[in-house]
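Undergrad: Below are the sequence and a predicted model; questions follow.
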Amino acid sequence: MEGKYLQVFSIILVPLVLTLGTTLFLGTSQSFYDSQINSENIDLKFVNNLEAKQISEETLKYLTENNYELNSSLVGPTAKEHMKDVKNLNSIASYSFFILLLLLAISFLTLAIVHKPKRIRISLAYGSILTISLNLILLIISKLSFNSFWLKLHSLVFTNNLWQLNPSTDKLVAVFTHKFFTNIIIAIISITTLISILILVIVLIKSKKKAPKNQLNAEFAW
């Protein structure tokens, strides 16, 4: 039983750190924004590519700079108010990510020093498998009922209805469309799955080197 509870805790932390970190990265990535605009995943009935570029740059500045004020004439008056909630959520997510990352580092350090170091490899392996499994569930949900999933997510995350924007008055929603968010979810799933596979390959190679011949299963035994 030595270190097993900490190992389980570490396994749970792995997908949380991977997913939250990737979400924060893509959510503030101008290159990702530009790729969506260039692919015309915007509502061209309400914005053109130049306006979309300006709105995306304005949004990114607001999310990443402390004292930056959104231009309501550019994004829309209701969108400006909604983005205050989004910025607060982004701040909470950023703090949460660093806390989770610190907890994971402390867990791994404790496993290495106090318990069996091989539990780190086990945690990484099972954490990666858990990440891939959760990604598969998220992919199925997003493909089968994205609108329902999106509505429920907003109802849980936001305490008001400011997120229900009208593209004719709030051009922000014409840039950050359902297609944009579908693509960012797919990108998060793809990146975290690739990282998880890479971790699994590295762990497997390391374990093969350390395990006696024909005893690889022992390396992953709980």
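TA: Happy to help now that I have it.
Undergrad: and the nearest residue to residue 142 once chain neighbours are set aside, what element?
TA: With sequence-adjacent residues excluded and distances taken as Cβ to Cβ, 6 or more residues apart in numbering, residue 142 is closest to residue 185, at 5.3 Å. (Glycine included, C-beta is placed from N, CA and C.) Taking DSSP states H and E as the criterion, residue 185 maps to helix 178-210.
Undergrad: got the buried residues for that helix?
TA: Neighbour-count burial for helix 178-210, with 16 or more other Cβ atoms under 10 Å as criterion, is recorded at 180-181, 183-185, 187-189, 191-193, 195-196, 199-200, 203, 207.
Undergrad: can you check stretch 133-151 too?
TA: 134-135, 138, 142, 150.
Undergrad: ok, now stretch 45-53?
TA: So, applying 16+ other Cβ under 10 Å, buried residues of stretch 45-53: 46-47, 51-53.
Undergrad: next one: stretch 107-124
TA: In terms of neighbour count (16+ other Cβ under 10 Å), stretch 107-124 has its buried residues at 107-108, 110-111, 118-124.
Undergrad: Out of those, which one has the lowest pLDDT?
TA: Lowest-confidence member of the buried residues of stretch 107-124: residue 118, scoring 82 (pLDDT).
Undergrad: how about the buried residues of stretch 133-151 in JSON lines, adding pLDDT?
TA: Compiled in JSON lines, the buried residues of stretch 133-151 are given as follows (pLDDT from 0 to 100):
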{"residue": "134", "pLDDT": "97"}
{"residue": "135", "pLDDT": "97"}
{"residue": "138", "pLDDT": "93"}
{"residue": "142", "pLDDT": "84"}
{"residue": "150", "pLDDT": "88"}
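Undergrad: Identify those among the residues you listed that sit within helices.
TA: Using DSSP state H, the subset of the buried residues of stretch 133-151 located in helices is 134-135, 138, 142, 150.
Undergrad: Adding distance to residue 15 as columns, could you present these in TSV?
TA: TSV is the format used below for these (distance: Cβ to Cβ, whole Å):
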residue	distance to residue 15
134	6
135	8
138	11
142	16
150	21
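Undergrad: and which of the residues you listed is nearest to residue 165?
TA: If you rank those by distance to residue 165 using Cβ to Cβ, residue 150 comes first, at 13.1 Å.
Undergrad: could you say what helices and strands the host helix or strand of residue 174 packs with?
TA: Per DSSP H and E, residue 174 falls inside helix 172-175. When contacts are defined as 3 or more Cβ pairs under 8 Å, 6 or more residues apart in numbering; DSSP states H and E, helix 172-175 packs onto helix 49-64, helix 77-113.
Undergrad: Many thanks, we can stop here.
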